[in-house]
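S.K.: What would the 3D arrangement of this be:
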Amino acid sequence: MAIRPDHSTPDPALDALPDQIRQWAKELGFADAGITHADTGPHAERLQQWLAAGYHGDMAYMADHGDKRYTPESLVPGTLRVISVRLDYLHAPDNPKQALTNRETAYITRYALGRDYHKLMRKRLATLAQKIDEAVSGYDYRAFVDSAPVLERGLAQRAGLGWIGKNNMLIHPKAGSYFFLGEIFTSAPLPVDKPFDTQHCGSCSACLEVCPTDAFVGAHLLDARRCISYLTIELKGPIPEELRTKMGNRVFGCDDCQLVCPWNKFSKATNEDDFKPRHKLDNTKLAELFLWTEQEFLKRTEGSAIRRTGYENWLRNIAVGLGNAPTTIPVIEALKQRAEHPSELVREHVAWALRQHGL
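M.R.: This is a model prediction of the structure:
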């Protein structure tokens with residue numbers, strides 16, 4: 001076993017490493033990287049207040065694990081620093097606003113149109129950690145991409161990668177908010193970057209006002225129980241009826257609060273082939289998706305974040321979309337074909353959708 005360096009002794013190699021880490025990160029395809037102390041600062045208290053208010057709904061995992069979500073050293077003992085990276089995902093050409101206006105077409109959040117990002121990012125983070133270990137050996141490294149309770153936006157803000165916008169998204173002044181985040185927890189006492197402490201939202205409240213379901217209680221405060229991303233991905237039971245007509249054609253996630261953000265005019269298009277839309281999911285009719293068998297769903301969502309919702313909830317979500325779609329023969333016929341579905345959850349949402357069309 002390697003003998004750990006004495007942290008009380010200055011190490012010139014560590015002092016010179018942050019710039020090299022950023023260079024390696026960019027060579028691996030990451031857009032940026034920053035380093036912070038293993039401390040989430042005020043984000044820890046805000047999370048606890050949010051949980052106490054019950055805004056997390058059925059996402060019990062947000063409250064599990066004690067203080068590990070907001071205390072990196074509790075999650076990985078010995079952690080002194082967190083290296084935060086971002087990876088752009090928006091693929092060009094794309095016109096998400098146009099996709100929302102075509103009510104017969106399914107809208108899927110842009111991050112889920114291609115392959116699931118977890119494996120790609122985790123592999124690259126592991127490579128980055130290996131490069132750092134080869135440069136200054138004797139320290140521990142552990143990479144995370146949504147694979148453990150990590151307060152990633154708070155850590156990214158403290159690592160200088162952007163500020164937390166009023167819609168709770170991390171926003172970079174030169175790249176908007178269409179990017180994934182990943183982290184490396186390390187025991188190496190690396191020099192840290194300056195936190196991004198300035199806010200650049202100003203008086204703009206476009207993201208709060210555009211939310212279809214009025215999920216924002218206020219700036220920086222989201223009631224997830226009303227959020228379409230929560231309703232279509234996290235919620236396992238019936239979608240509240242009073243929210244269904246507000247969902248429109250959004251069947252997996254929602255991007256509205258990002259689509260209206262002025263800073264996203266600076267978003268960078270990704271070069272990652274894995275993030276290209278698959279199976280024409282950026283432009284497919286709701287009625288067509290609704291008739292997928294479970295086998296087709298599993299095949300066409302292989303390696304996709306959409307798998308997370310499951311086939312039954314996939315049908316539930318599309319039934320709501322069809323209920324909000326124009327009354328056309330393909331829409332009505334698709335709903336009727338699922339009217340006697342084995343799942344009570346699906347049947348109930350189909351019945352609601354048919355009532356929306358006067359049937």
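S.K.: Excluding chain neighbours, what is closest to residue 33?
M.R.: residue 25 (3.9 Å; Cβ to Cβ, 6 or more residues apart in numbering). To be clear about C-beta, it is placed using only N, CA and C from the backbone, and glycine gets the same treatment.
S.K.: what number of residues lie near residue 289?
M.R.: Per other Cβ atoms under 10 Å, the neighbour tally for residue 289 reads 24.
S.K.: SS state for residue 349?
M.R.: Of the three states, residue 349 takes helix under DSSP: H, G, I helix; E, B strand; the rest coil.
S.K.: Tell me where the stretch 101-250 of the chain has helices.
M.R.: Secondary structure of the stretch 101-250 of the chain, counting by DSSP state H, counting those that start in this stretch: helices at 117-135, 152-158, 206-210, 228-229, 241-244.
S.K.: Any idea which of those helices gets closest to residue 250?
M.R.: With Cβ to Cβ as the criterion, residue 250 lies closest to helix 228-229 of the helices of the stretch 101-250 of the chain, at 5.2 Å.
S.K.: Averaged pLDDT, stretch 238-258. What do you get?
M.R.: Across stretch 238-258, pLDDT averages out at 98.
S.K.: Go through the host helix or strand of the residue nearest to residue 33 and flag the buried ones.
M.R.: Under the criterion of DSSP states H and E, residue 25 resides in helix 17-27. For helix 17-27, the buried set under the neighbour-count rule, 16 or more other Cβ atoms under 10 Å, comprises 17, 18, 21, 22, 24, 25.
S.K.: try stretch 276-285
M.R.: For stretch 276-285, using 16+ other Cβ under 10 Å, the buried residues are 277, 278, 281, 282, 285.
S.K.: what sits up against it?
M.R.: With Cβ atoms under 8 Å, 6 or more residues apart in numbering as the contact definition, stretch 276-285 has outside contacts at 91, 94, 99, 104-106, 108, 113-115, 300, 304, 306, 330.
S.K.: out of those, which are buried?
M.R.: 91, 99, 104-106, 108, 113-115, 300, 304, 306, 330.
S.K.: And these, which is closest to residue 62?
M.R.: residue 306 (21.4 Å).
S.K.: what residues are up against that closest one?
M.R.: 108, 112, 252, 281, 314.
S.K.: now swap in residue 23 and tell me
M.R.: By Cβ under 8 Å, 6+ apart, the contact set of residue 23 is empty.
S.K.: For the chain, give me the ranges with low pLDDT.
M.R.: Low-confidence segments of the chain, defined by pLDDT under 70: 1-10.
S.K.: For the chain, just list every one of the strands.
M.R.: Using DSSP state E, the strands assigned to the chain run over residues 32-37, 81-88, 107-108, 141-144, 163-164, 170-171, 179-186, 216-218, 221-222, 250-252.
S.K.: and residue 258, which of these is closest to it?
M.R.: When these are compared by Cβ to Cβ, strand 170-171 sits nearest residue 258, at 9.2 Å.
S.K.: mind listing what that closest one pairs with, with the direction of each?
M.R.: Strand pairing for strand 170-171, determined by DSSP bridges: strand 163-164 (antiparallel).
S.K.: Surely residue 136 touches residue 15?
M.R.: No. Under the criterion of Cβ atoms under 8 Å, residue 136 makes no contact with residue 15, lying 10.3 Å away.
S.K.: more crowded one of these two?
M.R.: residue 136 (16 against 10).
S.K.: And the nearest residue to that one once chain neighbours are set aside, how far from residue 137?
M.R.: Leaving aside its sequence neighbours, residue 136 sits nearest to residue 13 (Cβ to Cβ, 6+ apart; 5.0 Å). From residue 13 across to residue 137, the span is 10 Å (Cβ to Cβ, to the nearest Å).
S.K.: With residue 193 as the reference, name the closest of the strands of the chain.
M.R.: Closest approach to residue 193 among the strands of the chain is made by strand 32-37 (4.5 Å; Cβ to Cβ).
S.K.: Determine the set of other helices and strands touching that closest one.
M.R.: In terms of contacts (3 or more Cβ pairs under 8 Å, 6 or more residues apart in numbering; DSSP states H and E), strand 32-37 is packed against helix 17-27, strand 81-88, helix 152-158.
S.K.: mind checking which of these is nearest residue 293?
M.R.: Judging these by Cβ to Cβ, what sits closest to residue 293 is strand 81-88, at 33.4 Å.
S.K.: got the CA coordinates for the closest one in CSV?
M.R.: C-alpha atoms of strand 81-88 as CSV (Å, rounded to 0.1, in the frame of the first residue of the first chain):
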residue,chain,number,x,y,z
ARG,A,81,-11.2,18.3,-2.3
VAL,A,82,-13.9,17.8,-4.9
ILE,A,83,-13.1,18.2,-8.6
SER,A,84,-16.2,19.2,-10.5
VAL,A,85,-16.5,18.9,-14.3
ARG,A,86,-19.2,19.8,-16.8
LEU,A,87,-20.1,18.2,-20.2
ASP,A,88,-22.3,20.0,-22.7
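S.K.: That strand to strand 179-186, inter-axis angle?
M.R.: Angle, strand 81-88 to strand 179-186, by axes from the mean of the first three to the mean of the last three Cα atoms, to 10 degrees: 160 degrees.
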